[in-house]
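**Q** I'd like to go over a predicted model; first the sequence, then the structure.
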Amino acid sequence: MTDVLAVTEHRRGELRDVSFEVITAGRQLADQTGGDLHLAVVGGDTESFADTLNREGVDAIHTVSEGEEFNHDVYAQAVEALHAEVDPQVLLMPNSVNGLDYAPAVANRLDLPLATDAVDFEYDDGLSVTREMYGSKVETTVDVGGDRQAVTIRGAEWPAAEGVGDAEISEFDADVDTDTGSTVTGFEEVGGGDVDISEADFIVSIGRGIEEEDNLPLIEDLVEATDATLASSRPIVDNGWLPKNRQVGQSGKVVTPTVYLAIGISGAVQHVAGMKGSDTIVAVNTDPNAPIFDIADYGIVGDLFDVVPELIEEFE
Amino acid sequence: MKVLVTVKEVAEVADDFEIAGTEVDERYLEYDLNEWDDYAVEEAVQLKEDGPAEEVVTVTIGPERSEETIRMALAKGADRAVRVWDDALEDVDMLDVETKTNLLEAVVEEEDPDLVLTGVQSGDDALGATGVSLADELGFQWGAVVNALDYDADENVAHVHRELEGGVEELTDIDLPAVLTIQTGINEPRYASLRGIRQAQSKEIAPKTLDDIGLDADAVESDLTMTSMYEPESESDAEIFEGDAGETAGRLAEVLREKGVAE
Ligand SMILES: Cc1cc2nc3c(=O)[nH]c(=O)nc-3n(C[C@H](O)[C@H](O)[C@H](O)COP(=O)(O)OP(=O)(O)OC[C@H]3O[C@@H](n4cnc5c(N)ncnc54)[C@H](O)[C@@H]3O)c2cc1C
């Protein structure tokens, strides 16, 4: 009971980045528990996935050939069965959208205490995880009790594992009941349309700091004066003030402009996921402690309704 | 059908705040309806207005103070509310997923809804796990991070879109009874009308103790213990422009010109 079992993830034939991050996180934890790192690969082209996942630090890879795409019933059953086989101290899963769709069910079935969205952890006689609360305003450490634990890890917090490993790869018969009450019928791409913000060189991005739709023309004036491309955080799109193709973030577009000007955006992790690769990040925010300043190169601590008109004047 | 919506009152932290022990000092907290739950309430109320739902009931785990927030959900069109609280919960500093599952399960069993809607996550502790855990415990079907819902009454199936990462949505058919965790943007939550607010005053909020829902104190023993809370060390090496709006905008304009993105 010192091993770590980590579950990987793929979509439409490709392993997702978090699959390699969960290896790094799993290795870190297995070194602390003093056990082996086991990986689970469920569904899709398990053979080729297992080969690709065989990186440094992985001791064993268990493949479960069941279905092409993610299905939460299949994942929950497969992980439950593997848990019984491996009997790990800690079960690691990604805190991805699909992770959110099976990890809580697995934890419930196995009666494991669950800590989600971990940004770090330490095992020393017991498990302690680091998490954020209140939209990243505070960080907490949480002791997770129980004999065994389940943790989901935040994406992009651990580097992707590299190197070539010599893990033992084996097929595992999880005896999955596929007669379940949910069926994936397809996928749909969203957010096409007039502009492709991922191509833009200069993005002016607006967040909830704008307060009302009536204030949007102010930003549009800035966009026009600077010949920029307009984008936004999620709430602006949720409110219907801008179309979905303007949303930057985890569930929107990933952008990599020369300059990303974030106005009235707090810098929630799901937003940052879409813009942290920008060359230069500038933030305008009234809150000096807003997480956006952690990744910004330049900042203005101030009210956008004062700063933006001045900025427009500079370019008119 | 009957729809049960989980409604949480969450704390929001002011820009400047202080931490006392493992909590943000109460003076810097403001309470509000959880953003994601607002969309879940709206979705349920629309199901009622469009026909399929006969009744919308909300359930909250929270102290008496949370009734203000519950009234907001009632003002937006929910029919009545259940509020679970108990002295045994006062001392738990962080409710774990299992505890919330236990409490909500007991209420679901009493209410016997066809559909349970929850928010994807709560804005304060952001565990994002209660809905799916509850579904599994109940033996219901489920779907997490749902941003479109089309209920087919003939087949008793929810056709949903699950919002994955990177602008991709998964289309899934889910048999009822089910729990769906609702993502923001699925609808446009209404503001409570004055009439709604007035009507909400006479709607029922039924307080329940552990005893009332057939549980004992064991059901609320949390496996999560918060041992510290702190402001994250700023990793910022951002150059902050000093001065009034004119000066800071001037410096920013220089940067934009330097980088060659604006003239
Ligand atoms: C599964 C999932 C997926 C998600 N996907 C995305 C995504 O793709 N993209 C995304 O953006 N979000 C996404 N989110 C939502 C995300 O968690 C945040 O809620 C969102 O990014 C917050 O947007 P915001 O920064 O505009 O608003 P807030 O967090 O409300 O921040 C507003 C900011 O404006 C500042 N402000 C207020 N007034 C002024 C003023 N007058 N002048 C200057 N500054 C001011 C405030 O100090 C604050 O920092 C997702 C969430 C979940 C759970």
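**A** Nice, I can see it.

**Q** list the contacts for residue 230?
**A** With no chain named, the answer covers chain A. Going by Cβ atoms under 8 Å, 6 or more residues apart in numbering or on different chains, A:Leu230 touches A:203-206, A:219-220, A:223, A:242, A:246. From N, CA and C alone the C-beta is placed, and that goes for glycine too.

**Q** you looked at the wrong chain, it should be chain B
**A** By Cβ under 8 Å, 6+ apart, the neighbours of B:Tyr230 are A:138-140, B:19.

**Q** how near is B:Asp136 to the ligand?
**A** Distance, B:Asp136 to the ligand, using Cβ to the nearest ligand atom, to the nearest Å: 20 Å.

**Q** That residue and A:Ala76 touch, don't they?
**A** Yes - assessed by Cβ atoms under 8 Å, B:Asp136 is found in contact with A:Ala76 at 7.4 Å.

**Q** can you list residues touching both of these two?
**A** A:105, A:109.

**Q** Which one of the two is surrounded by more residues?
**A** For B:Asp136 versus A:Ala76, the count of surrounding residues by other Cβ atoms under 10 Å in any protein chain shown is larger for A:Ala76: 25 against 22.

**Q** Tell me if I'm right that the more buried one and A:Asn108 touch.
**A** No - with contacts counted by Cβ under 8 Å, A:Ala76 stays clear of A:Asn108, the gap being 9.2 Å.

**Q** Need the residues touching each of those two.
**A** B:Asp136.

**Q** Point out where the stretch 101-250 of chain B drops to low pLDDT.
**A** Counting by pLDDT under 70, the stretch 101-250 of chain B contains no low-confidence segment.

**Q** let's go with 90 and repeat that
**A** B:218-219, B:232-237 (pLDDT under 90).

**Q** For it, just list every one of the strands.
**A** B:115-119, B:141-152, B:157-163, B:168-175, B:178-182, B:205-208, B:224-230, B:239-240 (DSSP state E, counting those that start in this stretch).

**Q** Over to the stretch 151-300 of chain A?
**A** Using DSSP E, counting those that start in this stretch, strands in the stretch 151-300 of chain A cover A:168-171, A:182-189, A:202-206, A:229-232, A:259-263, A:280-285, A:298-301.

**Q** Output stretch A:46-62 as PDB, restricted to C-alpha atoms.
**A** As requested, the backbone C-alpha atoms of stretch A:46-62 are provided in PDB (Å, rounded to 0.1, in the frame of the first residue of the first chain):
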ATOM      1  CA  THR A  46      -4.200   1.500 -25.800                       C
ATOM      2  CA  GLU A  47      -1.200  -0.200 -27.300                       C
ATOM      3  CA  SER A  48       0.300   2.900 -28.900                       C
ATOM      4  CA  PHE A  49      -0.800   5.100 -26.000                       C
ATOM      5  CA  ALA A  50       1.000   2.800 -23.600                       C
ATOM      6  CA  ASP A  51       4.200   3.000 -25.700                       C
ATOM      7  CA  THR A  52       4.100   6.800 -25.700                       C
ATOM      8  CA  LEU A  53       3.400   6.900 -22.000                       C
ATOM      9  CA  ASN A  54       6.300   4.700 -21.200                       C
ATOM     10  CA  ARG A  55       8.500   7.500 -19.900                       C
ATOM     11  CA  GLU A  56      11.100   7.800 -17.200                       C
ATOM     12  CA  GLY A  57       9.700   7.000 -13.700                       C
ATOM     13  CA  VAL A  58       6.800   4.800 -14.700                       C
ATOM     14  CA  ASP A  59       7.000   1.300 -13.300                       C
ATOM     15  CA  ALA A  60       3.900  -0.300 -14.700                       C
ATOM     16  CA  ILE A  61       1.200   0.500 -17.300                       C
ATOM     17  CA  HIS A  62      -2.200  -1.200 -17.300                       C
END
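
**Q** in it, what counts as buried?
**A** Judged by neighbour count using 16 or more other Cβ atoms under 10 Å in any protein chain shown, the buried positions of stretch A:46-62 are A:46, A:49-50, A:52-55, A:57-62.

**Q** Let's verify A:Glu132: helix, strand, or coil?
**A** With DSSP: H, G, I helix; E, B strand; the rest coil as the basis, A:Glu132 sits in strand.

**Q** could you check the distance from it over to the ligand?
**A** Taken as Cβ to the nearest ligand atom, the span from A:Glu132 to the ligand is 11 Å.

**Q** How confident was the prediction at residue 41?
**A** You didn't say which chain, so I picked chain A. At A:Val41, the pLDDT value in this model is 98.

**Q** wait, I meant chain B there
**A** Value listed for B:Val41 in the pLDDT field: 98.

**Q** re the thing from before, so of the buried residues of stretch A:46-62, which ones are in strands?
**A** In this view, those that belong to strands under DSSP state E are A:60-62.

**Q** can you tell me which of those lies nearest to A:Val176?
**A** Nearest to A:Val176 out of these is A:His62 (Cβ to Cβ; 13.4 Å).

**Q** dump the residue contacts of that closest one.
**A** Taking Cβ under 8 Å, 6+ apart as the criterion, A:His62 is in contact with A:38-41, A:82, A:85-86, A:170-172.

**Q** Let me know the closest of those to chain B.
**A** A:Leu82 (17.1 Å; Cβ to the nearest Cβ).

**Q** Test my guess that that closest one contacts A:Ala40.
**A** Yes - A:Leu82 lies in contact with A:Ala40 (Cβ under 8 Å); the separation is 5.3 Å.

**Q** For the stretch 51-200 of chain B, which segments count as helices?
**A** Under the criterion DSSP state H, counting those that start in this stretch, the stretch 51-200 of chain B contains helices at B:67-75, B:87-90, B:97-111, B:130-138, B:194-200.

**Q** which of these is buried the deepest?
**A** Ranked by mean neighbour count, the helices of the stretch 51-200 of chain B are led by helix B:130-138 with a mean of 26 (mean count of other Cβ atoms under 10 Å in any protein chain shown).
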